[in-house]
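Asks: My questions are about this predicted structure, shown below with the sequence.
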Amino acid sequence: MLHSHCSLLLATATDTANGEGSAEQKLRKLLELFMDIYVTSRDKHVVLLNDLHWLPEDQQIEIRDLERRVVRIFRDLITDIRPNSQNQHV
């Protein structure tokens, strides 16, 4: 369940980042799509946030890799919008 949820998030992020438009337009679209996903997948997201540690270590690593890839796409879009922000850690 967590793998399919994170895979959906990654596919959505990848498709959006590779789509048409400026980085700002892509980021806005990605945020809208993620909100749609979270509205219909709230329970999955809660499990992801609270219960990942119950999985075997190899599965945790796989899920965390998917999460990192999603975060990297967000980071890259933000960096494209505000190039100087890459040196600032929030």
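Replies: Sure thing, it's come through.
Asks: residues touching the most centrally placed residue in the chain, list them.
Replies: Residue closest to the mean C-alpha point of the chain, counted by Cα atoms, centre = their mean, is residue 70 at 3.2 Å. Residues near residue 70 by Cβ atoms under 8 Å, 6 or more residues apart in numbering: 6, 9, 10, 13. (Each C-beta comes from the backbone N, C-alpha and C, glycine too.)
Asks: Compile these into a markdown table and extend it with columns for neighbour count.
Replies: Shown next, in a markdown table, are the contacts of residue 70 (neighbours: other Cβ atoms under 10 Å):
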| residue | neighbour count |
| --- | --- |
| 6 | 22 |
| 9 | 24 |
| 10 | 18 |
| 13 | 22 |
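Asks: Now go through those and say which are in helices.
Replies: 6, 9, 10, 13 (DSSP state H).
Asks: in what helix or strand does the spatially closest residue to the last one that is not a sequence neighbour lie?
Replies: In this case it means residue 13. For residue 13, ignoring the flanking residues on the chain, the nearest one in space by Cβ to Cβ, 6 or more residues apart in numbering is residue 73 at 4.2 Å. Following DSSP states H and E, the helix or strand that holds residue 73 is helix 57-81.
Asks: mind showing which ranges of this structure have poor pLDDT?
Replies: 85-90 (pLDDT under 70).
Asks: For stretch 42-60, C-alpha coordinates in PDB please.
Replies: C-alpha atoms of stretch 42-60 as PDB (Å, rounded to 0.1, in the frame of the first residue of the first chain):
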ATOM      1  CA  ARG A  42      -5.600  10.600   3.700                       C
ATOM      2  CA  ASP A  43      -5.400   7.200   5.400                       C
ATOM      3  CA  LYS A  44      -2.500   6.100   3.300                       C
ATOM      4  CA  HIS A  45      -0.600   9.200   4.000                       C
ATOM      5  CA  VAL A  46      -1.300   8.900   7.800                       C
ATOM      6  CA  VAL A  47       0.100   5.400   7.700                       C
ATOM      7  CA  LEU A  48       3.100   6.600   5.700                       C
ATOM      8  CA  LEU A  49       3.900   9.200   8.300                       C
ATOM      9  CA  ASN A  50       3.200   7.200  11.400                       C
ATOM     10  CA  ASP A  51       3.800   3.500  10.700                       C
ATOM     11  CA  LEU A  52       6.700   3.200   8.200                       C
ATOM     12  CA  HIS A  53       9.000   2.000  10.900                       C
ATOM     13  CA  TRP A  54       7.000  -1.200  11.300                       C
ATOM     14  CA  LEU A  55       8.000  -2.400   7.800                       C
ATOM     15  CA  PRO A  56      11.100  -4.500   7.300                       C
ATOM     16  CA  GLU A  57      14.200  -2.400   6.800                       C
ATOM     17  CA  ASP A  58      14.600  -3.100   3.100                       C
ATOM     18  CA  GLN A  59      11.000  -2.000   2.500                       C
ATOM     19  CA  GLN A  60      11.600   1.200   4.600                       C
END
